[in-house]
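Visitor: test case, fold it:
(one chain, ligands or ions: 1)
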Amino acid sequence: MKPAEAQAEVSDYWTRRAPAFDGVASHIAQASLWRDVLAAAFEADGAKDVVDLGTGTGACALIAASLGHRVRACDGSEGMLAVARQAAEASGLDVAFEQDLIEDASFAPDTADIVTLRNVLWTLPDPMAALRKAHLILRSGGLVLVSDGLWSTAAQYRSTYPEMLAASLPRHDGLTEEDARVMLTETGFGPAQSWQHLFPASPYPGDVPMFVLTAKKG
Ligand SMILES: C[S@@+](CC[C@H](N)C(=O)[O-])C[C@H]1O[C@@H](n2cnc3c(N)ncnc32)[C@H](O)[C@@H]1O
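Guide: Numbers count the residues shown, from 1 in each chain. Below is the predicted model of the structure:
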């Protein structure tokens, strides 16, 4: 399957799932924990420019906005963004949402202090391209935050992507912390720091191995 076909299927899949996504999402069930962990991991001393790549229903974008940051976000799925926009409006938070694939998004180089990618790398045809985009958008000294998990270990967190689509995604089984550390280093980021220990228990019932990592652009 060609990457462009895979990407179109992925975006359609998330638009179909969008209306029910927040009902099962960890960032809603454990909202204050995620807020505390992201607040700590951002290590921000004041309002920063944040970009959330693959924002979905706005999990990280809305938390960042609630922490007082200036937030832009993109997603390829129109349906997920519709839910994100509604959530922003309902909570009075200001986020500039853009419907675009990460690789095509219009965020200019060197314009962000923090870039977040939560539960996105596993579903990309080219996850390294997304990390390169994050590196490009960040200012020198800026921080990337990557969170994901080893989704193959728990049936309830597996996508229901058709077999051919799943087979075309290099990280469809999910990622370990070690995988992500290697990918961040290969992209040119500095040493990664982990933050998942700040959760009192795994934020994903079933104890799926997950991580929250940050690393800086040199
Ligand atoms: C599992 S959801 C995670 C959403 C959100 N980051 C979160 O933490 O809840 C994956 C999201 O990635 C989006 N996505 C997948 N490929 C993408 C791409 N190439 N560019 C932008 N968004 C993409 C999907 O549309 C979906 O909303």
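
Visitor: figure out how far the host helix or strand of residue 182 is from the centre of its chain.
Guide: Per DSSP states H and E, residue 182 falls inside helix 177-187. The chain centroid and the centroid of helix 177-187 are separated by 15 Å under Cα atoms, centre = their mean, to the nearest Å.

Visitor: pull out the buried residues from it.
Guide: Residues of helix 177-187 classed as buried by neighbour count (16 or more other Cβ atoms under 10 Å): 177, 179, 180, 181, 183, 184, 187. To be clear about C-beta, it is placed using only N, CA and C from the backbone, and glycine gets the same treatment.

Visitor: closest to residue 136 out of those residues?
Guide: For these, the minimum distance to residue 136 (Cβ to Cβ) is 10.0 Å, reached by residue 187.

Visitor: got the phi and psi for the nearest residue to the closest one once chain neighbours are set aside?
Guide: Among residues not flanking residue 187 along the chain, residue 131 sits closest, at 4.2 Å (Cβ to Cβ, 6 or more residues apart in numbering). Dihedral pair for residue 131: phi -70, psi -40, per degrees, to the nearest 10.

Visitor: identify each buried residue in the least confident helix or strand in the chain by mean pLDDT, please.
Guide: Of all helical and strand segments in the chain, the minimum by mean pLDDT, DSSP states H and E falls on helix 26-29, at a mean of 73. Judged by neighbour count (16+ other Cβ under 10 Å), helix 26-29 contains these buried residues: 26, 27.

Visitor: who are the packing partners of that helix?
Guide: Contacts defined by 3 or more Cβ pairs under 8 Å, 6 or more residues apart in numbering; DSSP states H and E place helix 26-29 against helix 59-66.

Visitor: that older thread, parallel or antiparallel, list what pairs with the next helix or strand after the helix holding residue 182.
Guide: Downstream of helix 177-187, the next assigned helix or strand under DSSP H and E is strand 193-194. The strands beside strand 193-194 in its sheet (DSSP bridges) come out as strand 210-216 (antiparallel).

Visitor: report the distance from the partner strand to the chain centre.
Guide: On Cα atoms, centre = their mean, the centre of strand 210-216 falls 11 Å from that of its chain.

Visitor: which residues sit against that strand?
Guide: 37-38, 41-43, 141-150, 175-177, 180-181, 184, 189-196, 198, 202-204 (Cβ atoms under 8 Å, 6 or more residues apart in numbering).
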